[in-house]
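Visitor: Next come a sequence and a model predicted from it.
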Amino acid sequence: MGHPSRAGAARPLAPAIAMEPATLPLRARSAGRRRAHRPQYLTEAAFSYFAACCDLVAILAAASAANTLFGIVAFGLAQPVESVTSIGIVVGLFIILSNFQRGEYSLKKYSVTSGQFARIFPLWNLAFLCALALGFATKSTEQYSRAATAAFYLSGLLSCAGARVLLVVLVGALRAKGLMPFRRLFVVGFERPSADFIRRHDLTDSGMEIVSAFALRSGARSLSDDLALASAAARMIRPDDIFLAIPWADADIIEACVGAFARTPAEIHLAPESILDRYPEARIANLGALSSLSLARSPMSALQNAEKRIVDIALASVALLALSPLLVFVALLVKLTSPGPVLFRQTRYGFNQEPFPICKFRTMKVLENGRNVSAATRTDPRVTWIGAILRRLSIDELPQLLNVLAGEMSLVGPRPHALAHDQLYERKIARYARRHNVKPGITGWAQVHGFRGEVSSDEKLKGRIEHDLYYIDNWSLWLDLKILFLTVFSKTSHSNAY
């Protein structure tokens, strides 16, 4: 007996979901005919080279502008641009070749403006370091002004990021006018999975559009006939991609579909099932000869962990030295204004849920560190008068720089909770435990968005966890620096501090 979602004759899906080519609206059909004479791969190739040229122009323009500006400021006249332009060429070639190798110039990378700075930031740093190393090896660094080189570093980084954002805007405008093709998708599968796939995914922002969808029936004989008809439709439509909306457990049907469309010059994809909506980072992973569907990746590679640790040690050391007079003054205030120790230590969970003693300036009359820990509330009677000031200004958190140097914490990461609260939240919030995949931080993405202080509702707790998971899934050095900047200068980061 056939599955209810597979019953009925082979047919295109309902018009509200998708239509076969013969009944597509006039605008869509004419656009499809125009694209037939302008293959997607030609547009991709042309765009890739255009994007590479934009990067090179942006870098050379930044190098020339930095050198000219330095000459005018320092000497009152413009300097020759040949020397600094040579640095720009080296950096530009390194970035362009790296981006081609990583597929960074594909159209799909220019679908949204968010994240463009994060894409270029690590590569720009690496390219710049390689250019400096090459200059040192060839003994040519004395030809370049250090001030002009520093100006080029900043202007080039901003120019490259700005060029990517402008290209995103340009691509969106061209697509809106029909001058830049979308990737054309043909969805084939059983009716219910196909309808679910089309309903769940808005592909326009990713530069894709569904041009047709074909529903299959169950049964070996009807499946063969349906696939013959669907493959003929695919050859007529000439899509760029074919998505198979088939339950993953039906391996024989998937194999039959792949065989039927193998002669069609299009990429064939297995459409994601609904459970993957909960795992946006899911991807195919190859571990030696073993392939798997990775649902949750390690937040950082070994190299990224090393980069983050180096930045933590450097900035924490500088901060401790610079703030040492303030720390001594605060310690004296705490000691003289209320009985008890200067520092308050409380056990919390860190990386891999390993307990560690967090350090703070004592701000309360009590020292709670057990199963019954109450979070501070507004006008909490346990808070001393000097403690209220320290908490309001977040100065009580500064001793955690010692935790950072000890490797127990990072400058940026999810804020650690008291053990009792941690265990409670883990039972209430799905995926809460993922917060322990990175080191806890003195500040974090949730804190700069106002999610700090007392957790008075499930909505606030959910918002905090969502921001923490966003940070884990989108970590970069640039994001860390942005969070540190917002921690100091954003009013939102100091809200709910009591």
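Guide: Perfect, thanks for sending it. Numbering: from 1, shown residues only.

Visitor: only C-alpha atoms for contact and neighbour calcs from this point on.
Guide: Will do.

Visitor: and L484, what element?
Guide: Using DSSP states H and E, L484 maps to helix 477-489.

Visitor: now swap in S98 and tell me
Guide: Counting by DSSP H and E, S98 is found in helix 82-102.

Visitor: Downstream of that helix, the next helix or strand is which one?
Guide: According to DSSP H and E, the helix or strand after helix 82-102 is helix 116-137.

Visitor: Helix 477-489 and that following helix, what's the angle between them?
Guide: 110 degrees (axes from the mean of the first three to the mean of the last three CA atoms, to 10 degrees).

Visitor: Return the list of helices and strands in contact with the next helix or strand after helix 116-137.
Guide: Next in sequence after helix 116-137, counting helices and strands by DSSP H and E, comes helix 146-176. Using 3 or more CA pairs under 8 Å, 6 or more residues apart in numbering; DSSP states H and E, the elements in contact with helix 146-176 are helix 40-75, helix 116-137.

Visitor: looking at these, which is closest to F94?
Guide: Ranking those by proximity to F94 (CA to CA) places helix 116-137 first, at 6.0 Å.

Visitor: now the helices and strands packed on helix 146-176 in CSV, with mean neighbour count?
Guide: Output for the helices and strands packed on helix 146-176, formatted as CSV (neighbours: other CA atoms under 10 Å):
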stretch, mean neighbour count
helix 40-75, 18
helix 116-137, 16
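
Visitor: export the ones you listed to CSV and tack on distance to T264?
Guide: As requested, the helices and strands packed on helix 146-176 are arranged in CSV below (distance: least, CA to CA, whole Å):
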stretch, distance to T264
helix 40-75, 15
helix 116-137, 34
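
Visitor: of all these, which lies closest to F152?
Guide: Between F152 and the helices and strands packed on helix 146-176, the tightest spacing by CA to CA is seen for helix 40-75, at 5.2 Å.

Visitor: now what about the helix holding L484, what contacts it?
Guide: Applying CA atoms under 8 Å, 6 or more residues apart in numbering, the contact partners of helix 477-489 are A118, F121, P122, K308, V412, T443, G444, W445, Q447, V448, S493, H494.

Visitor: which of these are buried?
Guide: In those, burial by neighbour count holds for A118, F121, K308, V412, T443, G444, W445, Q447, V448, S493, H494, counting by 16 or more other CA atoms under 10 Å.

Visitor: Next, give me the two most distant ones among those residues.
Guide: The widest separation within the buried ones among the contacts of helix 477-489, taken as CA to CA, falls between F121 and H494 and amounts to 27.9 Å.

Visitor: And the buried ones among the contacts of helix 477-489, which is closest to A213?
Guide: Using CA to CA, these come closest to A213 at A118, 36.3 Å.

Visitor: Confirm for me that the closest one is in contact with S476.
Guide: Yes. Counting by CA atoms under 8 Å, S476 is a contact partner of A118 at 7.0 Å.

Visitor: quick one: low-confidence parts of this structure?
Guide: Applying pLDDT under 70 to the chain flags residues 1-42, 74-84, 140-144, 205-206, 220, 366-380, 453-456, 493-498.

Visitor: could you dump stretch 210-230 to CSV, C-alpha only?
Guide: Output of stretch 210-230 as CSV, limited to C-alpha atoms (Å, rounded to 0.1, in the frame of the first residue of the first chain):
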residue,chain,number,x,y,z
ILE,A,210,12.4,27.2,-8.1
VAL,A,211,11.2,27.1,-11.8
SER,A,212,9.3,23.9,-11.6
ALA,A,213,8.3,21.0,-9.3
PHE,A,214,7.3,17.4,-10.2
ALA,A,215,5.4,15.0,-7.9
LEU,A,216,6.1,11.3,-8.1
ARG,A,217,3.8,8.4,-7.4
SER,A,218,4.7,5.3,-5.4
GLY,A,219,5.2,1.8,-6.9
ALA,A,220,8.0,0.4,-9.0
ARG,A,221,6.2,0.6,-12.3
SER,A,222,4.8,4.1,-11.9
LEU,A,223,8.1,5.3,-10.5
SER,A,224,9.9,4.3,-13.6
ASP,A,225,7.3,6.0,-15.9
ASP,A,226,7.3,9.1,-13.7
LEU,A,227,11.1,9.4,-13.7
ALA,A,228,11.2,9.1,-17.5
LEU,A,229,8.7,12.0,-17.7
ALA,A,230,10.5,14.0,-15.1
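
Visitor: what separates that stretch from the chain centre, distance-wise?
Guide: 38 Å (CA atoms, centre = their mean, to the nearest Å).

Visitor: if we can go back for a sec, how about a markdown table for the buried ones among the contacts of helix 477-489, with distance to R184 and secondary structure added?
Guide: Shown next, in a markdown table, are the buried ones among the contacts of helix 477-489 (distance: CA to CA, whole Å; DSSP: H, G, I helix; E, B strand; the rest coil):
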| residue | distance to R184 | secondary structure |
| --- | --- | --- |
| A118 | 29 | helix |
| F121 | 32 | helix |
| K308 | 41 | helix |
| V412 | 42 | strand |
| T443 | 44 | strand |
| G444 | 40 | coil |
| W445 | 37 | coil |
| Q447 | 42 | helix |
| V448 | 40 | helix |
| S493 | 44 | helix |
| H494 | 48 | helix |
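
Visitor: Now do the strands in the stretch 301-450 of the chain.
Guide: Along the stretch 301-450 of the chain, counting by DSSP state E, counting those that start in this stretch, strands occupy 343-349, 355-361, 410-412, 441-443.

Visitor: out of these, deepest packed?
Guide: For the strands of the stretch 301-450 of the chain, average neighbour numbers computed from mean count of other CA atoms under 10 Å are highest in strand 410-412, which has a mean of 26.

Visitor: which strands and helices sit next to that one?
Guide: If you count contacts as 3+ CA pairs under 8 Å, 6+ apart, strand 410-412 packs onto helix 302-337, helix 400-405, strand 441-443, helix 477-489.

Visitor: ok, now with 7 Å
Guide: strand 441-443 (3 or more CA pairs under 7 Å, 6 or more residues apart in numbering; DSSP states H and E).

Visitor: Describe which strands the strand it packs on pairs with in its sheet and in which direction.
Guide: In the sheet, strand 441-443 lines up against strand 410-412 (parallel) (DSSP bridges).

Visitor: tell me the domain boundaries of this structure?
Guide: Residue ranges for the domains of the chain, per automatic domain parsing: 4-24+181-278, 41-176, 302-494.

Visitor: chain center to stretch 233-248: distance?
Guide: Put simply, stretch 233-248 sits 29 Å off its chain's centre (CA atoms, centre = their mean).

Visitor: which residues are in contact with stretch 88-108?
Guide: Residues outside stretch 88-108 that contact it (CA atoms under 7 Å, 6 or more residues apart in numbering) are 44, 48, 51-52, 56, 59-60, 63, 123, 127-128, 131, 206-207.

Visitor: right, and out of those, which lies closest to P357?
Guide: P357 lies nearest to L123 out of those, by CA to CA, at 36.8 Å.

Visitor: tell me the contacts of that closest one?
Guide: By CA under 7 Å, 6+ apart, the contact set of L123 is I95.

Visitor: Looks to me like A249 is in a strand.
Guide: No. A249: not assigned to a strand; according to DSSP: H, G, I helix; E, B strand; the rest coil it is coil.

Visitor: What are the buried residues along stretch 306-323?
Guide: Under the neighbour-count criterion of 16+ other CA under 10 Å, stretch 306-323 has K308, R309, V311, D312, I313, L315, A316, S317, L320 buried.

Visitor: typo on my end, it should be stretch 136-155
Guide: For stretch 136-155, burial by neighbour count (16+ other CA under 10 Å) applies to A148, T149, A151, F152, Y153, S155.

Visitor: From the chain's centroid, how far away is it?
Guide: Centroid displacement of stretch 136-155 relative to its chain, using CA atoms, centre = their mean, is 32 Å.

Visitor: Kindly report the same for stretch 279-289.
Guide: With CA atoms, centre = their mean, you get 17 Å for stretch 279-289.
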